[in-house]
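Novice: sequence plus the predicted model coming up.
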Amino acid sequence: MTLRLRRSVSWSIISRYTTVIVDFESTPNPFVSKTLKVRDAEQRLRHRQWKQDYEACKAIEHKAIEQGRERELRHLHPRIDKWPNIPREELERLVWSKPTRLVAADFGVSDTAISKKCRLEDIRKPPRGFWARVDSGKIPHPQGKLPKRRLKARRYRIHDDRRQV
């Protein structure tokens with residue numbers, strides 16, 4: 001059962017018990033319409049201002065985060081901006097003064113990047129196990145200078161206990 005109501009009937013009492021369709025036939029009040037339009041315009045303006053403030057705050061926050069990351073990178077890798085145009089002599093001195101992974105950490109690149117740059121610049125690197133032998137005292141520290149005699153990589157010979165007859 002559907003009941004059409006006019007303004008004279010109480011809405012809250014009837015709506016509890018039956019389906020109610022309210023039909024307003026009156027024309028809108030011009031004062032109320034104007035007030036609603038002004039309120040909507042003010043709300044849109046406040047929202048637009050809030051959105052601009054929010055985006056500006058986000059931009060400032062993003063810039064601060066980027067500066068923090070850059071500062072942290074510079075702290076971890078003090079020479080990060082000098083890597084692309086490092087002179088050949090300095091790279092050779094660095095490679096012969098400390099292990100490649102430590103040189104790479106200074107510049108914020110991988111040890112493979114150091115190896116590739118050395119290969120490109122035709123710089124000899126210490127052989128495998130060189131820094132382990134320096135640490136154990138078997139050979140002296142080169143102090144950033146290339147040794148005069150060519151160092152050989154250690155080769156291990158596998159002994160075969162089977163004897164040929």
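Specialist: It's in.
Novice: next SSE downstream of the lengthiest helix in the chain?
Specialist: The longest helix of the chain (DSSP state H) is helix 30-76. Per DSSP states H and E, the first helix or strand lying C-terminal to helix 30-76 is helix 88-95.
Novice: based on its surroundings, how many neighbours for Ser115?
Specialist: 15 (other C-beta atoms under 10 Å). For glycine as for every other residue, the C-beta is placed from the backbone atoms N, C-alpha and C.
Novice: which residues touch it?
Specialist: By C-beta atoms under 8 Å, 6 or more residues apart in numbering, the contact set of Ser115 is 100, 125.
Novice: the one helix or strand it maps to vs helix 88-95, what angle?
Specialist: Element membership of Ser115, judged by DSSP H and E, is helix 111-121. For helix 111-121 against helix 88-95, the angle by axes from the mean of the first three to the mean of the last three C-alpha atoms, to 10 degrees is 140 degrees.
Novice: give me the distance between the longest helix of the chain and the centre of its chain.
Specialist: 24 Å (C-alpha atoms, centre = their mean, to the nearest Å).
Novice: what's the local residue count around Trp96?
Specialist: Trp96 - counted by other C-beta under 10 Å - has 19 other residues nearby.
Novice: that one contacts Gly144, correct?
Specialist: Yes. Between Trp96 and Gly144 there is a contact at 5.3 Å, judged by C-beta atoms under 8 Å.
Novice: in the protein, which residue is most central in space?
Specialist: Arg69 (8.1 Å; C-alpha atoms, centre = their mean).
Novice: distance of it relative to Lys117?
Specialist: Relative to Lys117, Arg69 is positioned 25 Å away (criterion: C-beta to C-beta, to the nearest Å).
Novice: so, low pLDDT: which residues of this structure?
Specialist: 1-26, 147-165 (pLDDT under 70).
Novice: switch the cut-off to 50
Specialist: 1, 3, 5, 8-9, 165 (pLDDT under 50).
Novice: how does it divide into domains?
Specialist: As given by automatic domain parsing, the domain ranges for the chain are 2-75, 80-136.
Novice: how about Val109, secondary structure?
Specialist: coil (DSSP: H, G, I helix; E, B strand; the rest coil).
Novice: against Ile80, how distant is it?
Specialist: Taken as C-beta to C-beta, the span from Val109 to Ile80 is 8 Å.
Novice: go on, Asn29?
Specialist: Asn29 is 69 Å from Ile80, by C-beta to C-beta.
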